[in-house]
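**Student:** please find the sequence and the predicted model below.
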Amino acid sequence: MEREGEQIVLNVGPQHPSTHGVLRLLVTLEGEVIREIRPDIGYLHRASEWIGQHRPYPQVTPYLSRLDYVAATAQEFAYVEAVERLAGIQVPRRAQYARVILAELTRIASHLLWWATFGNDLGATTVFLYGFRERERVLELIEFMVGARLTHHSYRIGGIPYDVPAGFRDRTLDFLRYLRPKLDEYDTLLTGNKIFVARTQDVGVLPPDQAVAWAVSGPVLRGSGVAMDIRRSDPYSAYPDFEFDVVTYDGCDVLSRYLVRMGEIRQSIRIIEQALKRLPGGPFMAKIPKAFRGPAGEAYGRVETPRGDFSVYVVGDGSGVPVRVRLRSPCFANLQALPVMARGQKVADLVAIIGSIDIVLGSVDR
Amino acid sequence: MNEAHAVTLGEWLGRFGLPHWVADLLRMLIAGVAVLILLLLAVLMLVWLERKVSADIQSRMGPARVGGRFGILQTVADAIKLLLKEDIIPAQGDRWLFLVAPAVVFLPAYLAFVTVPFSDRLKSYDLGVGLVYVIAVLSLPTIGLIMAGWGSNNKYSLLGGIRAVGQLLTYEVPFVLSLLCVVIAAGSLSLTKIVEAQSKQGWFVLHPPLMLAFLIYLIGGISETNRVPFDLPEAESELVAGYHVEYSGIRFAMFFLGEYAMLFFVCALGAVVFLGGWLGPWLPGEIWFLIKTFALVLLTMWVRWTYPRLRIDQLMNFGWKFLLPAALLDVFLTAAWALR
Amino acid sequence: MSAAVMAREVWVTASSLVKGLYVTLTNWVARPRITLQYPKQRPVIPSRFHGLFVLRADPTRPRGTTCTACLLCWKACPSDVFRIEGTGHGKERHPTVFIMDLSRCMYCHLCIEACPFDAIAENEECEFATYSRDDFMHDFDLLSRLDRPQGKLHKELLAEPVETPGEEAAE
């Protein structure tokens, strides 16, 4: 269905089942082929950076959970890393291990949610329910440890608010034992399915040089063959203690990114098991003054979230309130690569491509 | 309706001294209304069944409150709710097309269903050219889809309607060819005679060349009814409900009804021409017919909740380049088998 | 494409589709239903849950509450939830007005960690949908009601048993 010059502009969103939030895309179509995409964002902007610059340091942390609300710990991790670097705070080993466990549990939860919505976008509704069924168990674990499921405020400057509760190790290991065979089952259900492969192979290609040029990070980058993971290249917290693989695939298409994320779930399981086996004793919170006043200076905290490189740049001036809190969001950068991936593809692939980038609008708009 | 009863119904009506044509008219009316009621009840039941089956596959419970522990009256409650909704008609759309489309989607399923025999005693009308009539009527719902797509004045609906046309054209031909295999094996177009042929030759699905025909029939049938993996015209997550996105209330319910009526009909037809219709030991023929129909319905639901959907070009690719040659090959194979 | 390659393609496709059907079948017949029939069945709420707030009672103190209106919770709150006015000096200090605007609260737990007297606690209540916005303004009387679940004090939560160090933990 290609007639020269017969272009229509399709407005996808902001209310749409597949845009993972309030994202508006202006898609110029010629028949079923996409000629141009313009994302229109800002529907979820909540002035998080401004808030960060008008609250004392400890009060900024809960707001950061709400950025990428699917993987809430990751943003807090970056912020507390930045502030601790700024103030030179040494976080106890036990707290670091607990933070890593929470971060990896959140990674599993986030990838499960991504998998669920991705399958749903492609028409396999059952996948949605299965993904959430497993994610529910992760959220229960997090609730057991921290007290909340989605936006948990589980990190404090200097450590974690409560120690790891008794019984947490057994419950988590039970869950991981339950999850491993489930992942194989899901590989049979979706990954091996020929229809799925036909929908995702050679779709939404992002060559590695383009990926690097657009500052793409996370599974999108590793799906294009660039083996870069901040936990390995710029390690933070307790990650140097753990053995895990950086999952990379060369296909540069939607299927590669899918496989990267499925591989990452398995690597997260490995990390959590190692962390639980080696959990040290000791305090869970460093000794910091109750009214925390950061010193003057600047620091950069960088973290590998399930979506990519989330970084926080904090500038302090010695008062209790940061002068500048700059939030670098992975979804924002990854979304900019969408037109590159989608030009020349069909509109039915658009949904698969957006799903493979895995954006959360809270992180894009902050 | 019932052959024996039709005679008595006609006789009974004839006792009133009514002119012949009036008795005939009344007889047709009663039979028609009875089948319509049966179809509607079946559709209501199918909607409930779909929800329960999908829930079971997804580790949930499905309807469990309305009408007892199994939520049997859930569909009725939903229908009442839909009736009470505001009727929105797009101002800029083509009003006549918009209003008539749901009927065009629902009625062909009913029209075709009238010719399906439930048992050797219970059938409303046995057409000599049954299968040809059925196939002709089955192409009509797609026209309803295009009418809805255009009349809604909505790009998403239009895309849905266009996809529906392409899909229908692609899968109609292998579908018909698979039915042609059945005709070759049975030697007749009449549905009743096809079942009678199966009583002598055994169920057609057990004949080797017809196994492939059965598979093609199922694939074609799932495509005709616009179900996953062929549900692009109404792809929920892509086109936000596609061709029926602008419909609300009872008009939307009619589309729903039409889809499930088509599904029930396709499964009933499959049960009749491949699985032996009313044939089976011990139980009365009507019960066997229902069992076989529902077995196929469950199969289609199982398929729906397992697979992602195909993209339109992949769908057409598969239909033209794979299914059609397979169907043609199968016709030859069936003819060779029948001549042995 | 040669016939052998095509045949193999067909076989791989068909078997992958059948295997997918098998996965859904196992879930259909062999897995339990995980639905909680709310409201007859309720979820289990852990002790650290961030629920609704209570002001702890102390019958020996003025107005029967532990709270001394020291305003540390108000200072710690990022969302401007508290409106507190107090009266009295030293040990007799107590709040006259104590209103929490729960429509602003984000349940971040900072107020509870800030309170030096453990006067405020979070309980396990999570069902508080109402029909009017005014119902979200929890005032002193509602917060200190004794018939509500009293939750656990912050120091009680800190004293709960903790996970032992792992068997391979380095010392």
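**Tutor:** Perfect, I can see it now. Numbering: from 1, shown residues only, chains lettered A, B, ... in the order given.

**Student:** for residue B:128, the count of nearby residues, please.
**Tutor:** Counted by other Cβ atoms under 10 Å in any protein chain shown, the residues lying close to residue B:128 total 11. Any C-beta I mention is one placed from the backbone N, CA and C, and that applies to glycine too.

**Student:** whoops, I mixed them up, residue B:254
**Tutor:** By the criterion of other Cβ under 10 Å, residue B:254 has 22 neighbours.

**Student:** thinking it is in contact with residue B:99, fair?
**Tutor:** No - contact criterion Cβ atoms under 8 Å: residue B:254 and residue B:99 do not qualify, at 10.6 Å.

**Student:** stretch B:330-340 and chain C, are they touching?
**Tutor:** No - using Cβ under 8 Å from any Cβ of the partner chain, stretch B:330-340 stays clear of chain C, coming no nearer than 14.4 Å.

**Student:** CA atoms only: put that stretch into CSV for me.
**Tutor:** Output for stretch B:330-340, consisting of C-alpha atoms alone and laid out as CSV, is shown next (Å, rounded to 0.1, in the frame of the first residue of the first chain):
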residue,chain,number,x,y,z
ASP,B,330,-4.2,-31.7,-0.1
VAL,B,331,-7.0,-31.6,-2.7
PHE,B,332,-5.0,-33.8,-5.0
LEU,B,333,-4.1,-36.1,-2.2
THR,B,334,-7.7,-36.4,-1.1
ALA,B,335,-8.8,-37.1,-4.6
ALA,B,336,-6.2,-39.8,-5.0
TRP,B,337,-7.2,-41.3,-1.7
ALA,B,338,-10.9,-41.3,-2.6
LEU,B,339,-10.1,-43.0,-5.9
ARG,B,340,-8.1,-45.8,-4.4
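
**Student:** what lies in contact with that stretch?
**Tutor:** The contact list for stretch B:330-340 (Cβ atoms under 8 Å, 6 or more residues apart in numbering or on different chains) reads B:177-178, B:180-181, B:184-185, B:207-210, B:212-213, B:216.

**Student:** which ones among the residues you listed lie within helices?
**Tutor:** When the contacts of stretch B:330-340 are checked against helices (DSSP state H), the matches are B:177, B:178, B:180, B:181, B:184, B:185, B:208, B:209, B:210, B:212, B:213, B:216.

**Student:** please enumerate the helices of the stretch 151-300 of chain A.
**Tutor:** Taking DSSP state H, counting those that start in this stretch as the test, the helices found in the stretch 151-300 of chain A are A:168-186, A:194-200, A:208-213, A:219-222, A:230-233, A:254-277.

**Student:** most tightly surrounded among these?
**Tutor:** Neighbour counts averaged per stretch over the helices of the stretch 151-300 of chain A are highest for helix A:219-222, at a mean of 29; criterion: mean count of other Cβ atoms under 10 Å in any protein chain shown.

**Student:** how about CSV for the helices of the stretch 151-300 of chain A, with distance to residue A:110 and mean pLDDT added?
**Tutor:** Formatted as CSV, the helices of the stretch 151-300 of chain A follow (distance: least, Cβ to Cβ, whole Å; pLDDT from 0 to 100):
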stretch, distance to residue A:110, mean pLDDT
helix A:168-186, 14, 91
helix A:194-200, 20, 87
helix A:208-213, 21, 91
helix A:219-222, 11, 92
helix A:230-233, 15, 90
helix A:254-277, 9, 92
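
**Student:** those into a markdown table, with extra columns for distance to chain B?
**Tutor:** As requested, the helices of the stretch 151-300 of chain A are arranged in a markdown table below (distance: least, Cβ to the nearest Cβ, whole Å):
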| stretch | distance to chain B |
| --- | --- |
| helix A:168-186 | 12 |
| helix A:194-200 | 5 |
| helix A:208-213 | 24 |
| helix A:219-222 | 20 |
| helix A:230-233 | 32 |
| helix A:254-277 | 12 |
